[in-house]
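Participant: model the following, please.
(chains A and B)
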Amino acid sequence: KNEVEQSPQNLTAQEGEFITINCSYSVGISALHWLQQHPGGGIVSLFMLSSGKKKHGRLIATINIQEKHSSLHITASHPRDSAVYICAVSGSARQLTFGSGTQLTVLP
Amino acid sequence: EAGVAQSPRYKIIEKRQSVAFWCNPISGHATLYWYQQILGQGPKLLIQFQNNGVVDDSQLPKDRFSAERLKGVDSTLKIQPAKLEDSAVYLCASRRLTGPGANVLTFGAGSRLTVL
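Facilitator: Model prediction:
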């Protein structure tokens, strides 16, 4: 069973700051997902990656397969980025194992 | 395309009562998941369907939880009788089995259950 750990659990930043959220997993995977969850429960998929780096707007996700580690970066953070960010990994069975999430609060 | 539909969005019941949640996945998505997300935790898989068959229900508390997907499209999750610790958001998600986007999981908005 894959263990997924995220850090930090809670993060408060000032608007404009560069933010990094980390994710580590214990067993080899087929893909890693970064998800965003706003209050109310809805989850939106931000990235799915199996190697390298992906960028979408102010969001950047990287993964190091050898080190079993991924990071999600937010550049020029904004209060609307405030949400829970969840890392999830999928193995051969295509089931997702989720981290416990990082609560991000960006203050104006 | 339309997203994953779930209902009800909110439900408050007393312990020992029963409750049912409904999920309609994206059209053509053969795989459907139910997750339980307790406040402050990541989602936990309850059950995975492929078409109308169960792939994995190892973490489903079968003494009180049941789920079905009779026609391989929409699904219901039932809790009977409910306990206080069942208070959570119940998330439904779906994905294609094969082809483009097969690794992309689409979530519904969730059904928030409060057991008093």
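
Participant: just give the closest residue to A:Ile74, not the sequence neighbours.
Facilitator: Closest residue to A:Ile74 apart from its sequence neighbours, by Cβ to Cβ, 6 or more residues apart in numbering or on different chains: A:Ile19 at 4.2 Å. C-beta coordinates here come from the backbone N, C-alpha and C atoms, glycine included.

Participant: does that neighbour touch A:Pro8 like I think?
Facilitator: No. Judged on Cβ atoms under 8 Å, A:Ile19 makes no contact with A:Pro8 at a distance of 10.3 Å.

Participant: looking at these two, which is more packed in?
Facilitator: Between A:Ile19 and A:Pro8, counting by other Cβ atoms under 10 Å in any protein chain shown, A:Ile19 is the more crowded of the two (19 against 12).

Participant: do you know how far A:Val44 is from B:Leu113?
Facilitator: Distance of A:Val44 to B:Leu113, computed by Cβ to Cβ, to the nearest Å: 22 Å.

Participant: which of the two has more neighbours?
Facilitator: Using other Cβ under 10 Å as the criterion, A:Val44 and B:Leu113 rank with B:Leu113 on top: 20 against 12.

Participant: show residues contacting the helix or strand the more buried one falls within.
Facilitator: Element membership for B:Leu113 (DSSP states H and E) is strand B:111-115. If you take Cβ atoms under 8 Å, 6 or more residues apart in numbering or on different chains as the criterion, strand B:111-115 is touched by A:41, B:6-15, B:19, B:21, B:79, B:82-90.

Participant: now swap in stretch A:57-68 and tell me
Facilitator: A:24-29, A:32, A:34, A:46-47, A:49-55, A:69-78, A:81.

Participant: give the contact list for A:Gln14.
Facilitator: Counted by Cβ under 8 Å, 6+ apart, A:Gln14 has contacts A:Ser77, A:Val106, A:Leu107.

Participant: sec struct for the second one, please.
Facilitator: When you say that, I think you mean A:Val106. Of the three states, A:Val106 takes strand according to DSSP: H, G, I helix; E, B strand; the rest coil.
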